[in-house]
Every structure is written in structure tokens, then in C-alpha cells.
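Q: Build me a model:
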Amino acid sequence: MIKANWIVGLLALALFSHAQYQGWSLFDRTAAAQTARVAGTAGRGAHK
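A: Predicted coordinates for the structure are as follows:
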């Protein structure tokens, strides 16, 4: 069972590394929306 966990972990790491190398991103839309929202509120004063 421990060997199976190691193999699954290494495969997941290899898949993640390959995705990063290819430029794939699971959170691309979320990150873009977050930066757009932060950039839109940066010019205004803080609300208390």
C-alpha cells in the first residue's frame, strides 16, 4: 500500500510538472478575475 501511494504521488507530481512546462493552468480564470478585481479597487480610497 505504501508503494502504491509513492507511485500515485510521483505520477501526480510528474503530471503537475508537465502541465506547468506546457503552460497549462487550472486557476488561470480565477487568478485573472482576482487581479482584475484588485486592480479595479486599487485607485479608490479604503472604505471603513
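Q: which residues in the protein form helices?
A: 2-22, 28-41 (DSSP state H).
Q: Going by mean pLDDT, which of the ones you listed comes out lowest?
A: Ranked by mean pLDDT, the helices of the chain bottom out at helix 28-41, which scores a mean of 63.
Q: ok, the closest residue to residue 26 other than its chain neighbours to residue 10 distance?
A: Leaving aside its sequence neighbours, residue 26 sits nearest to residue 19 (CB to CB, 6 or more residues apart in numbering; 8.0 Å). From N, CA and C alone the C-beta is placed, and that goes for glycine too. Counting by CB to CB, to the nearest Å, the separation of residue 19 from residue 10 is 15 Å.
Q: One more: residue 20?
A: Taking CB to CB, one finds residue 20 at 16 Å from residue 10.
Q: One more: residue 16?
A: For residue 16 relative to residue 10 (CB to CB), the value is 11 Å.
Q: count of neighbours near residue 17?
A: Applying other CB atoms under 10 Å, we find 10 residues neighbouring residue 17.
Q: Quick check: the gap between it and residue 27.
A: 16 Å.
Q: Between its first and last residues, how far does stretch 20-28 reach?
A: With CA to CA, to the nearest Å applied, stretch 20-28 spans 12 Å between its terminal residues.
Q: Let's see the pLDDT reported for residue 25.
A: For residue 25, the model assigns a pLDDT of 78.
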